[in-house]
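K.L.:
Fold the following and give me the result.
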Amino acid sequence: MAFDIEMIKGVYNRMTERVDTAKLVVGKPLTLAEKILYNHLWDGKATTAFTRGKDYVDFAPDRIACQDATAQMALLQFMQAGKNKVAVPTTVHCDHLIQAKIGADKDLQNALNSSSEVFNFLASVSNKYGIGFWEPGAGIIHQVVLENYAFPGGMMIGTDSHTVNAGGLGMIAIGVGGADAVDVMAGMAWELKFPKLIGIKLTGKLSGWSAPKDVILKVAGLLTVKGGTGCIVEYFGEGAKAMSATGKGTICNMGAEIGATTSTFGYDESIERYLRATDRDEVADEANKIASYLTGDDEVYANPEQYFDQVIEINLSELKPHINGPFSPDLATVVGEMNEKATKNDWPLKVDWGLIGSCTNSSYEDLSRAASVAKQAVDNKIVAKAEFGINPGSEQVRFTADRDGLLDIFEDLNAKIFTNACGPCIGQWDRDGADKKEKNSIIHSFNRNFSKRADGNPNTHAFVASPSMVAAVAIAGRLDFNPITDKLINQDGQEVLLKEPTGFELPPKGFAVEDAGFVAPIEDGSGIDVVVKSDSERLQLLTPFTPLGSEIKGAKLLIKAHGKCTTDHISMAGPWLRFRGHLDNISNNCLIGAVNAYNMETNNVKSQLNGDFAPVPDTARAYKAANIVSIVVGDHNYGEGSSREHAAMEPRHIGVAAVIVKSFARIHETNLKKQGMLGLTFANEADYDLILEDDTFNFVDLNEFTPGKQLTLEIVHSDASLDTIKLNHTYNQGQIEWFKEGSALNLIKKQNI
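P.N.:
Next comes the predicted model:
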């Protein structure tokens, strides 16, 4: 069944005219990304050619998707917006609050027992405001979206950074913070700086042990974790057309790991096949009517250097399988070179766990390719040296894979089949022995591998690879195992060389499912009461933030973060997920993972109130109680990683007025702006070194806060000496109004009233 087919028809019905108009305005052929962007302008048909990387533009997304951890705060904010129903199709997916430990059935029941209050809240809010609700166990948000909602040429935003997964079906799908989603839910425009464009031409064809995952692992190695910032990545070429839709989704999914705004592929036969296989013939039929508008123009792909800001070419026929990591998803290693690199860096070669799943690689095709490797081990009497964990992407994938015997193969290797949920990928893994913090290696098909992310152990070296490579390495139990050349010894002492993995793009017998886990909202939810108990530890109604004003003086340094500071460092997941709907409680994890540049410790900073060292949240709360605002200082790409707006709301809640860094990750910078804070960058990066542990800060010209004008910061050192530095910002006038009102939500409420 095709959801929201009338909305999709509307997008397609206007697309030819709007794209043709945009071509006249721009005066050149268009990339796919440009076609979708210009078709979704808030003001309708294009009247001006936007400057990439400079112009802020208002868009009208077609739909919104929220996962349960971020949906709580997003919906708590929406409840304040004064609206009776969401303005665009919206869904909530319960996938983050299910911890992997024993196996699917028991783990799901444990989640229902421990998080029923949150699930009931999300279900009732969804019912009240016209939001589609996917129950716990229904699947991982991005796989479910790919199977049900993604459509070529559409624009979607989601409260999860891997919303970009839907680019595999030719969408512009972008991860945002909950406040951005609330704007669109409330019927307002969504603002984005018009992205730059990176074109990646794929020639040749994947074969052997190489998989779509290796394309993005290669790209991550080339562009690094921030090389795609502010850009849309568009894949094209014969190699792109030869790839499955779910393979395309994998590549787009990990575009988040290079900082890209999103990634996408043009509409082609593989996307059409996937639409029809997932019971969306009507969408495919409509797409076929305007197929040339759902991909880049021929001239663009023939001469990409003239139309993209950067062009990369990858020959898939020559692409070798990769293993990326540890601790950063862009640290790329070709499989045959791992021994030398691991030995040099003292990475543990023994592999303890192989984990297959996550929103990145949990499709039927992924499971079938990994199962073909696992079956060889079973048939050849090879005992897996590492433990296995499997997270199917959706109930439809799980049911179909179970019907076709794929899960039985993994279980023959003593694998644990976990719930259709994120699980270890986002730290929801109760791993035996992780508390011992022993040095070890794991390999997984996930997207991120930051320190502590999977199991909370900072000494777990997590490596990223394709599902088939994860299976091979886990069976061998060694990180440096190369299945192309290395043999395994079976129980009879015989040598066995694994054959190349095989799999199915789509289930030969078609997809099947008994209960997908979807609950449609009632037509009129006005009579539904949403109850949040005043003494709840999990949920808390929000109160508006107070504007910071134009006089910020006497501010104290909360923490100067050293090196990488992701949203996982600012607002950890794992056990803290249970407080995602309670701002005050979750603020107790604020910046506890950030490394203090003065003592190289985490969660231990100096208070200028008494000179004592204390946890970061405690110190911030003490400043706030004394009516003193604080600031945070950081390095490059600050706020990399998840879209979680808690990483902005928490510091705001406990009294942080400004975050000053060398550079921001896109989503986090926007989240700070939305919460009425100052997100600023050093005009001179070397000024980071001027910040001392016991400094006081005065923003001397904040009353002149205007677009394009630098702000001046006076640094008062403890010996009374002064340094005065300049700070850059990217605020436009609308965003400055957010700051003046205390938050973007405050402004929405004011406008609605």
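K.L.:
hey, what's residue 191 bridged with?
P.N.:
residue 58 (DSSP bridges).
K.L.:
As a check, name the ranges of all strands in the stretch 601-750 of the chain.
P.N.:
Ranges of strands within the stretch 601-750 of the chain are 605-606, 613-614, 630-634, 656-661, 678-682, 696-699, 711-716, 722-728, based on DSSP state E, counting those that start in this stretch.
K.L.:
What is the second one packed up against?
P.N.:
With contacts defined as 3 or more Cβ pairs under 8 Å, 6 or more residues apart in numbering; DSSP states H and E, strand 613-614 has these neighbours: strand 605-606. Yep, even glycine has a C-beta here, placed from its N, CA and C like the rest.
K.L.:
distance between the longest helix that the chain contains and the chain's centre?
P.N.:
Of all the segments assigned as helix in the chain under DSSP state H, the longest by residue count is helix 104-129. Relative to its chain's centre, helix 104-129 lies at 22 Å (Cα atoms, centre = their mean, to the nearest Å).
K.L.:
mind starting the numbering at 26 from now?
P.N.:
Noted, 26 is the first residue going forward, which turns the last one into helix 129-154.
K.L.:
Give me the most central residue, the chain.
P.N.:
residue 186 (2.2 Å; Cα atoms, centre = their mean).
K.L.:
Just the pLDDT at that residue, thanks.
P.N.:
We have a pLDDT of 92 for residue 186.
K.L.:
so who does it touch?
P.N.:
Contact analysis of residue 186 by Cβ atoms under 8 Å, 6 or more residues apart in numbering lists 200, 281, 666-668, 692.
K.L.:
chain center to the helix or strand hosting residue 35: distance?
P.N.:
Taking DSSP states H and E as the criterion, residue 35 maps to helix 30-51. Taking Cα atoms, centre = their mean, the mean C-alpha location of helix 30-51 is offset from the chain mean by 28 Å.
K.L.:
Please apply the same query to stretch 114-125.
P.N.:
Remark: stretch 114-125 is offset 14 Å from the chain centroid, using Cα atoms, centre = their mean.
K.L.:
before we move on, back to that, what comes into contact with the following helix or strand past the helix holding residue 35?
P.N.:
Sequence-wise, the next helix or strand downstream of helix 30-51 (DSSP H and E) is helix 57-64. Residues outside helix 57-64 that contact it (Cβ under 8 Å, 6+ apart): 36, 39-40, 43-44, 46-47, 51, 55, 71, 82, 84, 178-180, 195-197, 219-220, 222, 257, 259, 261, 289-291, 318-321.
K.L.:
which stretches of the stretch 126-275 of the chain form strands?
P.N.:
Counting by DSSP E, counting those that start in this stretch, the strands of the stretch 126-275 of the chain are 157-159, 180-183, 197-200, 215-218, 221-228, 256-261.
K.L.:
Tabulate those (CSV), appending mean neighbour count, mean pLDDT and distance to residue 127.
P.N.:
Conversion of these to CSV gives the following (neighbours: other Cβ atoms under 10 Å; pLDDT from 0 to 100; distance: least, Cβ to Cβ, whole Å):
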stretch, mean neighbour count, mean pLDDT, distance to residue 127
strand 157-159, 24, 98, 23
strand 180-183, 26, 98, 30
strand 197-200, 29, 97, 31
strand 215-218, 20, 93, 41
strand 221-228, 22, 98, 41
strand 256-261, 28, 98, 39
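K.L.:
who wins for proximity to residue 367 among those?
P.N.:
Closest approach to residue 367 among the strands of the stretch 126-275 of the chain is made by strand 221-228 (28.6 Å; Cβ to Cβ).
K.L.:
and that closest one, what other elements does it pack with?
P.N.:
Looks like strand 221-228 contacts helix 237-248, strand 256-261, helix 263-266, strand 335-340 (3+ Cβ pairs under 8 Å, 6+ apart).
K.L.:
which other helices and strands contact the third one?
P.N.:
Counting by 3+ Cβ pairs under 8 Å, 6+ apart, the packing neighbours recorded for helix 263-266 are strand 221-228.
K.L.:
Could you rerun that using 10 Å?
P.N.:
Contact partners of helix 263-266 among helices and strands, from 3 or more Cβ pairs under 10 Å, 6 or more residues apart in numbering; DSSP states H and E: strand 221-228, helix 270-278, helix 294-302, strand 335-340.
K.L.:
The third one packs against which elements?
P.N.:
Spelled out, that is helix 294-302. Packed next to helix 294-302, using 3+ Cβ pairs under 10 Å, 6+ apart, are helix 166-173, helix 263-266, helix 270-278, helix 306-314.
K.L.:
switch to 6 Å and redo it
P.N.:
Counting contacts by 3 or more Cβ pairs under 6 Å, 6 or more residues apart in numbering; DSSP states H and E, helix 294-302 is packed against helix 270-278, helix 306-314.
K.L.:
Tabulate the CA atom coordinates of the first one in CSV.
P.N.:
Going back to what we said before, that points to helix 270-278. Output of helix 270-278 as CSV, limited to C-alpha atoms (Å, rounded to 0.1, in the frame of the first residue of the first chain):
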residue,chain,number,x,y,z
ALA,A,270,18.0,0.5,-4.1
THR,A,271,19.0,-0.8,-0.6
GLY,A,272,22.6,-0.6,-1.6
LYS,A,273,22.0,3.0,-2.6
GLY,A,274,20.4,3.6,0.8
THR,A,275,23.5,2.2,2.6
ILE,A,276,25.7,4.7,0.7
CYS,A,277,23.4,7.6,1.4
ASN,A,278,23.0,6.6,5.0
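K.L.:
any residues touching the helix or strand that contains residue 288, and which ones?
P.N.:
Using DSSP H and E, residue 288 sits in strand 287-290. Under the contact criterion Cβ atoms under 6 Å, 6 or more residues apart in numbering, strand 287-290 has outside partners 189, 192, 195, 197-199, 257-260, 265, 273, 277, 280.
K.L.:
switch the cut-off to 8 Å
P.N.:
Taking Cβ under 8 Å, 6+ apart as the rule, strand 287-290 contacts 57-58, 61, 188-189, 192-193, 195-200, 257-261, 265, 268, 273, 276-277, 280, 296.
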